[in-house]
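A.B. asks: for reference, the sequence and a predicted model appear below.
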Amino acid sequence: NKDVILDTAHANNLWQIGKAHKTGFVNLPNNNALMTDTASPYSVNDTSIFYMKMGSVRDIGGWLSEFSFSYQLDIDTGEIAKVELSIDTGKNWINIFADSLPGLYLFDTDKSALSHSTLGWKNIRIYASSPWGTGYVDTIVFRFTFISDSVDTHKAGWEIDNIGVEYMSEDIPQLTKNNNLIN
C-alpha cells in the first residue's frame, strides 16, 4: 500500500506485515497486521518506524476526519510506543498522547494507552476537526514509532490492525432546481 511507508533509514526496522507466529499476541483469524516482527520477539536497542498518510482535508464544517486502529502491546516498562502526526509533511511532529492540540480529540482512549501491555486487542479513535485553524491541510502524516530498551525480555512488541480513515463533511448545498431529477 502506497499510504503505509516503512522507514528504511533505520536499518533494523522491525515492522512487518503478516500473521503473528509468536507468543504474546491474540491472533485474529485470517488477518494480516503490521507488527514488530511476525516471528520473533522484538530486538533490544531498536527504533522502528512506519508512516501512514491521509489525503487532503478541507475545512468545510463539522468533523473532518477520523483515524482509528486496533492494537495490542506486549512490552515491558522500558519500551516506548508512540503515535505522532504532522500537518506540514514531517517538519513538526505532535505526539497525540502527550501533546495538546486544539481540534484533535482522542475518543474511548486514555493518554496512557500505549505505555503498557494489553490483554488482547484495544481500539484507538482519533478525530480531527477544523484542521487547527488552517482551513486546509494538504496531507496528514501519522508516524508510528516503537523504541526498545537494552533489556531483552522476549516480549512480542506491538501489533496494529484494522487501520481506518474516514472523512466526514457537512454543509452540502441544497438542491434548488429539480430539472435534473426524473419525475
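C.D. replies: Received the coordinates, thanks. A quick note: this is a predicted structure, and the numbers were derived from the prediction, not measured.

A.B. asks: tell me the secondary structure at residue 150.
C.D. replies: Assigned state for residue 150: coil (three-state reduction, DSSP: H, G, I helix; E, B strand; the rest coil).

A.B. asks: residue contacts, it?
C.D. replies: Going by C-beta atoms under 8 Å, 6 or more residues apart in numbering, residue 150 touches 44, 45, 78. Where C-beta positions appear, they are placed from N, C-alpha and C, glycine not excepted.

A.B. asks: now with 6 Å, please.
C.D. replies: Contacts of residue 150 were listed using C-beta atoms under 6 Å, 6 or more residues apart in numbering, and they are 44, 45.

A.B. asks: phi, psi for it please.
C.D. replies: phi -90, psi 0 (degrees, to the nearest 10).

A.B. asks: measure it to residue 18 for me?
C.D. replies: In this view, residue 150 and residue 18 are 27 Å apart by C-beta to C-beta, to the nearest Å.

A.B. asks: go on, residue 32?
C.D. replies: 6 Å.

A.B. asks: by mean pLDDT, which helix or strand of this protein comes out lowest?
C.D. replies: strand 57-58 (a mean of 54; mean pLDDT, DSSP states H and E).

A.B. asks: ok, residues contacting the next helix or strand after that one?
C.D. replies: On the C-terminal side of strand 57-58, the nearest following helix or strand under DSSP states H and E is strand 63-74. For strand 63-74, contacts defined as C-beta under 6 Å, 6+ apart pick out 24-25, 57, 117-118, 121-129, 155-156, 158-168.

A.B. asks: what lines up beside strand 63-74 in the sheet?
C.D. replies: strand 122-129 (antiparallel), strand 157-167 (antiparallel) (DSSP bridges).

A.B. asks: what's the mean pLDDT across the last one?
C.D. replies: Okay, so that is strand 157-167. The predicted model assigns strand 157-167 a mean pLDDT of 86.

A.B. asks: got a list of contacts for that strand?
C.D. replies: Contacts for strand 157-167 (C-beta under 6 Å, 6+ apart): 25, 31, 33-36, 42, 54, 65-73, 81, 146.

A.B. asks: then it to CSV, C-alphas only?
C.D. replies: Extracted as CSV, the C-alpha positions of strand 157-167 are listed here (Å, rounded to 0.1, in the frame of the first residue of the first chain):
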residue,chain,number,x,y,z
GLY,A,157,6.1,-6.0,20.9
TRP,A,158,3.4,-4.0,19.1
GLU,A,159,0.7,-5.3,16.6
ILE,A,160,-1.6,-3.0,14.7
ASP,A,161,-4.6,-3.9,12.6
ASN,A,162,-7.9,-2.5,11.3
ILE,A,163,-6.4,0.9,10.4
GLY,A,164,-9.3,3.1,9.3
VAL,A,165,-9.5,6.6,7.8
GLU,A,166,-12.9,8.3,7.5
TYR,A,167,-13.7,11.7,6.0
